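Asks: Sequence and predicted structure are below.
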Amino acid sequence: EEVFRQFVAVKEGGSGVGDTVYFNKRLRIDTKGGTLSETSTVPNNLIKFMKGSVVVTEYGNGVKYTGKLDSLAEWDVKNEFQQGLRQDMRDVMDSAVATIFRTAKFKAVCSSTALTAFTTNGTAAVTCTANPSDKNIRDVVDYLKLKHVPYYGGGKEFSGVMSINATRGIYD
């Protein structure tokens, strides 16, 4: 089941295993625009860019398969093996993406159903003692808006990944 991979935008490139791929990230203009009078000059400000990088990694797995097995089996061995390998590939990639998500600097922790603690250093400052409530979710959305976090997929919504127990807290 796809959980984390769906939040990753993959761009094809010509890089190979071990290569470093560099990318630019545009930040906001340093000073916001404002009103002008008829004779005033339009101010010029700066747009900042940050460089980031990622190292290309290769994953793989295989299963033993022979033509004899295919000939003697009463079921479609090749198809079953391919499905098994595809499922393994999905699981491995989802796990790799999940590992990166868990190392994110931003953390929101429900210290109770009424209080949400935020940190930006990658370490939760408090212990989670409750499943999130609608109040916690509103706290997180407000915080994301204050920090100008872009909406998911260019839309008008944020998206998140929650455990089954956390989702139950929202339903309740």
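Replies: That came through, no problem.
Asks: which SS class is G52?
Replies: Under DSSP: H, G, I helix; E, B strand; the rest coil, G52 falls in the strand class.
Asks: Contacts only, for it.
Replies: Contacts for G52 were tallied using CB atoms under 8 Å, 6 or more residues apart in numbering; they are 22-25. C-beta: built from backbone N, CA, C; applies to glycine.
Asks: Tell me the helix or strand right after the helix or strand of the chain with the lowest mean pLDDT.
Replies: None of the helices or strands of the chain scores lower by mean pLDDT, DSSP states H and E than helix 67-72, at a mean of 78. Toward the C-terminus, helix 67-72 is succeeded by helix 77-102 as the next helix or strand (DSSP states H and E).
Asks: Which other helices and strands does that following helix contact?
Replies: helix 67-72 (3 or more CB pairs under 8 Å, 6 or more residues apart in numbering; DSSP states H and E).
Asks: how about the CA coordinates for the helix it packs on, as CSV?
Replies: The C-alpha atoms that make up helix 67-72 are tabulated as CSV, following Å, rounded to 0.1, in the frame of the first residue of the first chain:
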residue,chain,number,x,y,z
GLY,A,67,11.6,-22.5,-17.3
LYS,A,68,11.1,-26.0,-15.7
LEU,A,69,9.2,-24.5,-12.8
ASP,A,70,7.0,-22.7,-15.4
SER,A,71,6.4,-25.9,-17.4
LEU,A,72,5.5,-28.0,-14.4
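Asks: So P132 sits against R168, correct?
Replies: No - look at P132 against R168 with CB atoms under 8 Å: they stay out of range, at 9.8 Å.
Asks: higher neighbour count, those two?
Replies: P132 (24 against 12; other CB atoms under 10 Å).
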